[in-house]
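Enquirer: Below are the sequence and a predicted model for it; my questions follow.
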Amino acid sequence: MEKLYHYLWQTRLKGTHFHDVSGLEIEVIDPGVHNQDSGPDFFNSKVKIQGVEWVGNVEIHVKASDWYRHRHDNDDAYKNVILHVVAISDKRIVREDGSFIPQIEVILPESFFRTMAELTVHNDQVRCARQLRGISGVNITDWMETLFVERMQQKAQRVLSLHSITGGDWEQTCFIMLARGLGFGLNGEPFEMLAKSVPLKILHHHSDNLQQLEAILFGQSAMLDPTLHMFDEYFQALCREYYFLARKYNLKPMRPGLWKNSRTRPQNFPHRRIAYLAVTALGGFSLFSRLLQVCRDGGNLHEVFDSRMEGYWKTHFSFDTDARDISDELSYSSKLLLAINVAIPLIYAYSASTGDQETSERVLGLMNDFPAENNVVTRQWKNLGIEAKDAARSQSLLHLKKEYCEKNKCIYCRFGHLLLKQQTEN
């Protein structure tokens, strides 16, 4: 409960003008810095008491008598407290000189606590769903724009972390990002592990030989066990290639059993995605350079992912599994997802880190041109009255669900804040 009152004070949700329990007029100028350690709850707060400005610390309690129960009267750290904020004023606090510390009693309506209870209940749904339609379109749009910036900055930070791990190599960073993107969520982690296990310089040495590229990638994926698929000549050829190349470059494959095929259509099996990754390295991996150039030229980013399968994978879903009428390229929706989750974060991170404001703004603007993602999260928000009409909005909604709803941070969400504020005004 005390944390709730910390939130109320920090956000000034209850307003800035109060009267203390003895009738003194109090105006909050600055709530101060929230203290997460021992000592008063807020440092360096600024308030006006009867028109006189005070600077000092603020202490918050559920009951005013908690001051004595917590032994603050014997603690020098609390001697500079200029204001006491409480939910229940059951006692006045006396300083050493006999004067009272000004004390505000914050009274909240029952409806506030009902709303708060709904926002803090633990479930898998959007907690504010019942009240969400009461939020204005202007407030929704404003919050969506903020969430989009948060989402892109978060993604850019991840890109820059990968860039640091790769020793400042943007193509290697792009290779890792592309691999993770090809996992399309379900296999994102193992794909990233695969890409991190293979330095691009090794793939460059074999960029003129697709079979060797596939041997390296499938071998590192722990998919090449020569005791399997005995009658699949291509599989056995990859096993022999990998046996030689792994020893030449001292390569260590991933732990087996990480790949998932459940709930995946055959054309989306990890085998085909790994084969696609090998094709992108044919002739030398230079995807990042091409993405950057296309963005600057005003081209279509998703078209950079037009690489087509060759050879064995034009007719197979996985090893020893023939396929009929299978496309030799990624679907349009898959290319859009790669543009949204790989290309744009990469270019945004690069342009932001190099101070290229023009490219940074251009690449973010592209999200308004891409169609919205269609997934369980965006459909859930649509059912609640918030529809994603473009990729920028769908990214905002994904960020809202992941970073606020799922982490129980409702009081830090603009929706939760507005709903609680409405109750304080009743």
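Expert: Sure, I can see it.
Enquirer: okay, now residue 408: neighbour count?
Expert: 13 (other C-beta atoms under 10 Å). The way it works is simple: take the backbone N, C-alpha and C, and place the C-beta from them, glycine included.
Enquirer: in what helix or strand does it lie?
Expert: Using DSSP states H and E, residue 408 falls within no helix or strand.
Enquirer: how close does it sit to residue 230?
Expert: Distance, residue 408 to residue 230, using C-beta to C-beta, to the nearest Å: 53 Å.
Enquirer: Then residue 266?
Expert: 22 Å.
Enquirer: Tell me which of the two has more neighbours.
Expert: Taking neighbours as other C-beta under 10 Å, residue 266 and residue 230 compare with residue 266 leading, 14 against 10.
Enquirer: Surely that one touches residue 317?
Expert: Yes. Using C-beta atoms under 8 Å, residue 266 makes contact with residue 317 at a distance of 4.1 Å.
Enquirer: Now do the shared contacts for the two.
Expert: 323, 326 (C-beta atoms under 8 Å, 6 or more residues apart in numbering).
Enquirer: Can you pull out the residues in contact with the helix or strand where residue 193 lies?
Expert: Element membership for residue 193 (DSSP H and E) is helix 188-196. Under the contact criterion C-beta under 8 Å, 6+ apart, helix 188-196 has outside partners 165, 175-176, 178-183, 217, 220-221, 254, 258-259, 270, 273-274, 277.
Enquirer: Okay, buried residues for it please.
Expert: Neighbour-count burial for helix 188-196 flags 190, 191, 192, 193, 194, 195, 196 (criterion: 16 or more other C-beta atoms under 10 Å).
Enquirer: CA atoms only for that helix, dumped as PDB, please.
Expert: The C-alpha coordinates for helix 188-196 follow below in PDB (Å, rounded to 0.1, in the frame of the first residue of the first chain):
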ATOM      1  CA  GLY A 188      14.800 -17.300 -32.500                       C
ATOM      2  CA  GLU A 189      17.200 -18.400 -29.700                       C
ATOM      3  CA  PRO A 190      18.700 -21.400 -31.500                       C
ATOM      4  CA  PHE A 191      19.100 -19.400 -34.700                       C
ATOM      5  CA  GLU A 192      21.000 -16.600 -32.800                       C
ATOM      6  CA  MET A 193      23.200 -19.300 -31.200                       C
ATOM      7  CA  LEU A 194      23.900 -20.700 -34.700                       C
ATOM      8  CA  ALA A 195      24.900 -17.300 -36.200                       C
ATOM      9  CA  LYS A 196      27.100 -16.500 -33.200                       C
END
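Enquirer: Please name every helix or strand in contact with the helix or strand just after that helix.
Expert: Following helix 188-196 in sequence order, the next helix or strand is helix 200-205 (DSSP H and E). Helices and strands touching helix 200-205, by 3 or more C-beta pairs under 8 Å, 6 or more residues apart in numbering; DSSP states H and E, are helix 170-182, helix 210-220.
Enquirer: Show me the one of these that comes nearest residue 155.
Expert: Residue 155 sits nearest to helix 170-182 of all these, at 9.6 Å, using C-beta to C-beta.
Enquirer: Span of stretch 33-40 from start to end?
Expert: Across stretch 33-40, the terminal residues are separated by 10 Å (C-alpha to C-alpha, to the nearest Å).
Enquirer: now the top helix by length along the chain: mean pLDDT?
Expert: Secondary structure assigned by DSSP state H gives helix 137-165 as the longest helix of the chain. Confidence for helix 137-165, expressed as mean pLDDT, is 97.
Enquirer: which element is the residue lying closest to residue 356 once chain neighbours are set aside on?
Expert: Among residues not flanking residue 356 along the chain, residue 350 sits closest, at 7.7 Å (C-beta to C-beta, 6 or more residues apart in numbering). Counting by DSSP H and E, the element that carries residue 350 is helix 344-353.
Enquirer: Pull out the buried residues from the next helix or strand after that helix.
Expert: Past helix 344-353, further along toward the C-terminus, the next helix or strand under DSSP H and E is helix 357-365. Residues 359, 360, 362, 363, 364 are the ones in helix 357-365 that count as buried (16+ other C-beta under 10 Å).
Enquirer: Please convert the residues you listed to CSV, extending it with pLDDT.
Expert: Below are the buried residues of helix 357-365 laid out as CSV (pLDDT from 0 to 100):
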residue, pLDDT
359, 93
360, 93
362, 93
363, 94
364, 94
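Enquirer: Show the end-to-end separation of stretch 270-289, please.
Expert: Note: stretch 270-289 ends 26 Å apart using C-alpha to C-alpha.
Enquirer: buried set for that stretch?
Expert: Per 16+ other C-beta under 10 Å, stretch 270-289 contains these buried residues: 270-282, 285-288.
Enquirer: how deep is the residue nearest to residue 356 tucked in, by neighbour count?
Expert: The burial count for residue 350: 24, using other C-beta under 10 Å.
Enquirer: do residue 328 as well
Expert: Residues near residue 328, counting by other C-beta under 10 Å, number 14.
Enquirer: Going forward, count from 7.
Expert: Sure, I'll start counting at 7 from here, so that last one is residue 334.
Enquirer: Does it touch residue 312 like I think?
Expert: No. Between residue 334 and residue 312 there is no contact under C-beta under 8 Å: 10.7 Å.
Enquirer: rewinding a little: include mean pLDDT, distance to residue 424 and mean neighbour count when you put the helices and strands packed on helix 206-211 into TSV, please.
Expert: Below are the helices and strands packed on helix 206-211 laid out as TSV (pLDDT from 0 to 100; distance: least, C-beta to C-beta, whole Å; neighbours: other C-beta atoms under 10 Å):
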stretch	mean pLDDT	distance to residue 424	mean neighbour count
helix 176-188	98	35	24
helix 216-226	98	49	23
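Enquirer: Select, out of those, the one closest to residue 329.
Expert: helix 216-226 (16.7 Å).
Enquirer: What are the buried residues along the next helix or strand along the chain from the closest one?
Expert: Using DSSP H and E, the helix or strand that follows helix 216-226 towards the C-terminus is helix 239-255. Residues of helix 239-255 classed as buried: 240, 241, 242, 244, 245, 247, 248, 251, 252 (neighbour count, 16+ other C-beta under 10 Å).
Enquirer: which sections of the stretch 7-156 of the chain are below the confidence cut-off?
Expert: 128-130 (pLDDT under 70).
Enquirer: which stretches of it form strands?
Expert: For the stretch 7-156 of the chain, applying DSSP state E, counting those that start in this stretch gives strands covering 23-25, 31-36, 39-40, 48-55, 58-69, 87-94, 109-111.
Enquirer: angle of the longest one against strand 48-55?
Expert: Counting by axes from the mean of the first three to the mean of the last three C-alpha atoms, to 10 degrees, strand 58-69 lies at 120 degrees to strand 48-55.
Enquirer: Right, I'll call it a day here.
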